[in-house]
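Enquirer: Sequence plus the predicted model coming up.
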Amino acid sequence: MPPRLSKVLIPQPRSSFVKIRCPDCGNEQVTFSHAAMVVRCLVCGRVLAQPTGGKARLAGHVVKALE
Ligand SMILES: [Zn+2]
């Protein structure tokens, strides 16, 4: 008898961190995808993410989703 595997799957939020590119200056930076505060580009100050109460509205292009 093979050992019985009891694997419990814990649901995890997808891509809590994302790397986004500023549409104005091309700067790439990592931000929290559920940001509770306005996230601005560190280079030019453009607003890249606005809080909506849930997932933040991202203004920049998402380059990569991080874990
Ligand atoms: Zn910028």
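Expert: Received the coordinates, thanks.

Enquirer: Low-confidence stretches in this structure?
Expert: 1-3, 5-6, 10-15 (pLDDT under 70).

Enquirer: One more pass at 80, please.
Expert: 1-15, 67 (pLDDT under 80).

Enquirer: Please enumerate the strands of it.
Expert: 17-21, 28-32, 39-40, 47-50, 57-58, 61-66 (DSSP state E).

Enquirer: Using JSON lines, lay out these together with mean neighbour count.
Expert: Every C-beta, even on glycine, is put in place using the N, C-alpha and C of the backbone. Formatted as JSON lines, the strands of the chain follow (neighbours: other C-beta atoms under 10 Å):
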{"stretch": "strand 17-21", "mean neighbour count": "18"}
{"stretch": "strand 28-32", "mean neighbour count": "15"}
{"stretch": "strand 39-40", "mean neighbour count": "18"}
{"stretch": "strand 47-50", "mean neighbour count": "19"}
{"stretch": "strand 57-58", "mean neighbour count": "14"}
{"stretch": "strand 61-66", "mean neighbour count": "12"}
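
Enquirer: So which bits of this protein are right by the ion?
Expert: Taking C-beta under 5 Å from the ion as the contact definition, the chain meets the ion at 22, 24-25, 27, 41, 43-44, 46.

Enquirer: Which residue, other than its chain neighbours, is closest to Gly60?
Expert: Ile20 (3.7 Å; C-beta to C-beta, 6 or more residues apart in numbering).

Enquirer: so that neighbour bridges to which residues?
Expert: In this entry, Ile20 is beta-bridged to Gln29, Val62, by DSSP bridges.
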